[in-house]
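Colleague: Sequence first, then the predicted structure:
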Amino acid sequence: MTIAVYGAGGIGCYVGGRLVAGGADVVFVGRQRMADEVAAHGLRLTDYLGADLRVADVHYETSPEAAAAADLVLLTVKSAATESAAEELAGVLEPGAIVVSFQNGIRNSEVLQERLKDQVVVTGMVPFNVLNRGGGVFHQGTAGALDIQRDPGLAQYLEDFVRAGLPLTQHDDILPVQWSKLLLNLNNPINALSDLPLRDELSQRAYRRCLAAAQAETLALLAAADIEPAQILRVPMRRFPAVLRLPDFLFRRLAASVLAIDPLARTSMWEDLQAGRPTEIDYLNGEVVRLAKSLGRQAPVNAKLVDLIRTAETSRLAWSGPELLRELQR
Ligand SMILES: NC(=O)c1ccc[n+]([C@@H]2O[C@H](COP(=O)([O-])OP(=O)(O)OC[C@H]3O[C@@H](n4cnc5c(N)ncnc54)[C@H](OP(=O)(O)O)[C@@H]3O)[C@@H](O)[C@H]2O)c1
């Protein structure tokens with residue numbers, strides 16, 4: 001069985017590379033600059049626990065046709081690129097192929113299924129953070145196991161993911177898991193605006209209060225929409241804002257695991273701003289604004305974060321915690 005990783009950047013090279021290391025037959029499809037990086041260096045996959053894995057034999061292609069023979073496609077483009085990737089895949093995939101969206105956000109699978117009528121679309125979720133350090137090095141900075149919507153077609157691939165050291169946790173209903181991930185991703189714009197590594201940013205109460213405000217607003221909307229976010233961390237998501245608001249010394253003591261992250265880890269939204277690329281803000285905080293609208297309500301904190309990132313996409317600016325909190329409270 002052939003697996004294709006479509007849009008092989010940070011997540012795709014890491015997950016696909018681990019699958020290759022476990023013995024799976026994987027073709028990577030992505031951009032020429034990544035193909036060149038991988039051709040020059042191969043893949044080196046490291047993690048926050050000190051793992052260091054080298055994968056030399058990497059089949060990286062740049063044309064959609066390379067995915068044609070795949071029975072399983074792992075889609076790892078950013079959300080804004082889902083539509084065009086779906087159209088490319090619709091032109092090459094065999095009927096019945098399984099396409100897994102391993103992306104953040106809530107509605108990528110819907111976008112895919114609309115364009116891939118003869119294929120099976122499955123929603124996945126990547127809980128950990130991966131940083132491309134250049135030279136073919138991809139670093140997993142935080143913990144977590146891959147989540148996926150239960151689907152009978154996945155049975156034949158489960159062992160590949162186990163051998164890769166990335167076992168899939170299957171869920172009957174993945175939507176509550178997606179919303180929990182989105183609640184955590186509400187930190188992406190705050191981290192990007194802080195211009196700090198995640199650990200430094202989350203160590204400061206003012207930034208955590210910004211995140212607590214965005215999460216509390218979202219939790220109220222989810223309750224109104226009758227969606228109970230899944231518990232993906234030790235603390236139930238509903239109690240997260242209260243934990244985030246704790247003074248620094250208590251937070252360090254009671255939520256040490258939140259800060260037990262690689263000192264270099266940052267969010268991909270920060271990377272996007274650095275590279276001058278459009279961010280996924282519309283699919284994260286923007287999704288909360290959309291939910292609010294659908295309920296006839298408003299989401300002023302998340303709407304403000306969307307605006308601030310829009311501004312930061314064109315002019316770079318680092319916000320201190322107190323400055324950002326004041327702006328969100330206005
Ligand atoms: N990075 C993380 O730590 C992390 C963690 C959890 C979840 N996620 C989620 O995982 C998804 C992927 O994130 P990422 O960080 O891996 O993104 P990424 O590094 O930007 O990788 C995506 C790659 O796909 C390429 N691409 C876009 N459209 C394509 C197409 N039609 N055909 C072939 N290649 C295409 C992109 O090239 P261009 O840049 O030229 O478009 C880019 O090289 C996002 O939804 C993200 O939110 C990321």
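Modeller: Yep, it's here.
Colleague: Roughly how far does residue 325 sit from residue 193?
Modeller: 11 Å (C-beta to C-beta, to the nearest Å). Placement of C-beta: from N, CA and C, glycine included.
Colleague: What of residue 152?
Modeller: 43 Å.
Colleague: More neighbours: these two, which one.
Modeller: A direct count of neighbours by other C-beta atoms under 10 Å for residue 152 and residue 193 places residue 193 higher, at 27 against 7.
Colleague: how much space is there between the more buried one and residue 320?
Modeller: Distance from residue 193 to residue 320, counting by C-beta to C-beta: 10 Å.
Colleague: what does residue 183 give?
Modeller: From residue 183 over to residue 320 (counting by C-beta to C-beta), the distance is 24 Å.
Colleague: So for stretch 298-305, what gets flagged as buried?
Modeller: 299, 301-305 (16 or more other C-beta atoms under 10 Å).
Colleague: I'd like to know which of those are part of helices.
Modeller: If you go by DSSP state H, these have 301-305 in helices.
Colleague: tell me which strands and helices the strand or helix carrying residue 251 is in contact with?
Modeller: Residue 251 belongs to helix 248-254 when assigned by DSSP states H and E. Helix 248-254 sits against helix 205-224, helix 240-244, helix 256-259, with contacts defined as 3 or more C-beta pairs under 8 Å, 6 or more residues apart in numbering; DSSP states H and E.
Colleague: Which of these comes out lowest on mean pLDDT?
Modeller: Lowest mean pLDDT within the helices and strands packed on helix 248-254: helix 256-259, a mean of 83.
Colleague: Moving C-terminal from it, which element do we reach first?
Modeller: helix 268-275.
Colleague: That following helix - contacts with which helices or strands?
Modeller: Packed against helix 268-275 by the contact rule (3+ C-beta pairs under 8 Å, 6+ apart) you find helix 187-194, helix 300-314.
Colleague: Quick check: residues of the stretch 151-300 of the chain near the ligand?
Modeller: For the stretch 151-300 of the chain, the contact set with the ligand under C-beta under 6 Å from any ligand atom comprises 268, 280.
Colleague: Relative to the ligand, which residue of the stretch 151-300 of the chain is the closest?
Modeller: residue 268 (3.9 Å; C-beta to the nearest ligand atom).
Colleague: Please report the distance of that residue from residue 275.
Modeller: On the measure of C-beta to C-beta, residue 268 and residue 275 end up 10 Å apart.
Colleague: what do you get for residue 41?
Modeller: From residue 41 to residue 275 the distance is 19 Å (C-beta to C-beta).
Colleague: sec struct for the closest residue to residue 128 other than its chain neighbours, please.
Modeller: Take residue 128 and drop its neighbours on the chain: the residue closest to it by C-beta to C-beta, 6 or more residues apart in numbering is residue 144, 4.4 Å away. Following DSSP: H, G, I helix; E, B strand; the rest coil, residue 144 is assigned to coil.
Colleague: which ones are touching residue 144?
Modeller: Under the criterion of C-beta atoms under 8 Å, 6 or more residues apart in numbering, the neighbours of residue 144 are 126-128, 232.
Colleague: Count the neighbours of the nearest residue to residue 295 once chain neighbours are set aside for me.
Modeller: Of all residues not flanking residue 295 in the chain, residue 224 sits nearest, at 5.3 Å (C-beta to C-beta, 6+ apart). For residue 224, the count of nearby residues is 14 (other C-beta under 10 Å).
Colleague: try residue 160
Modeller: Counted with other C-beta under 10 Å, the neighbours of residue 160 add up to 20.
Colleague: Go ahead and confirm it touches residue 19.
Modeller: Yes - applying C-beta atoms under 8 Å, one finds residue 160 in contact with residue 19, separated by 5.9 Å.
Colleague: Overlap of the contact sets of the two?
Modeller: Here residue 160 and residue 19 have residue 3 as joint contacts, going by C-beta under 8 Å, 6+ apart.
Colleague: For residue 217, which non-adjacent residue is spatially closest?
Modeller: Using C-beta to C-beta, 6+ apart, the nearest residue to residue 217 is residue 301, at 4.9 Å.
Colleague: which residues sit in contact with the one you found?
Modeller: 213-214, 217, 328.
Colleague: Residue 179 now?
Modeller: So residue 179 contacts 106, 222, 227, 229-230 (C-beta under 8 Å, 6+ apart).
Colleague: Kindly recompute the last result at 6 Å.
Modeller: 227, 229 (C-beta atoms under 6 Å, 6 or more residues apart in numbering).
Colleague: returning to what we had before: quick one: which of residue 183 and residue 320 has more around it?
Modeller: Using other C-beta under 10 Å, the more surrounded residue of residue 183 and residue 320 is residue 183, with 24 against 15.
Colleague: and the gap between the more buried one and residue 241?
Modeller: Using C-beta to C-beta, residue 183 is found at 9 Å from residue 241.
Colleague: now residue 216
Modeller: 4 Å.
Colleague: if you count what's nearby, which of those two comes out ahead?
Modeller: Neighbours were counted for residue 216 and for residue 241 using other C-beta under 10 Å; residue 241 has more, 20 against 17.
Colleague: Against residue 163, how distant is that one?
Modeller: From residue 241 to residue 163 the distance is 39 Å (C-beta to C-beta).
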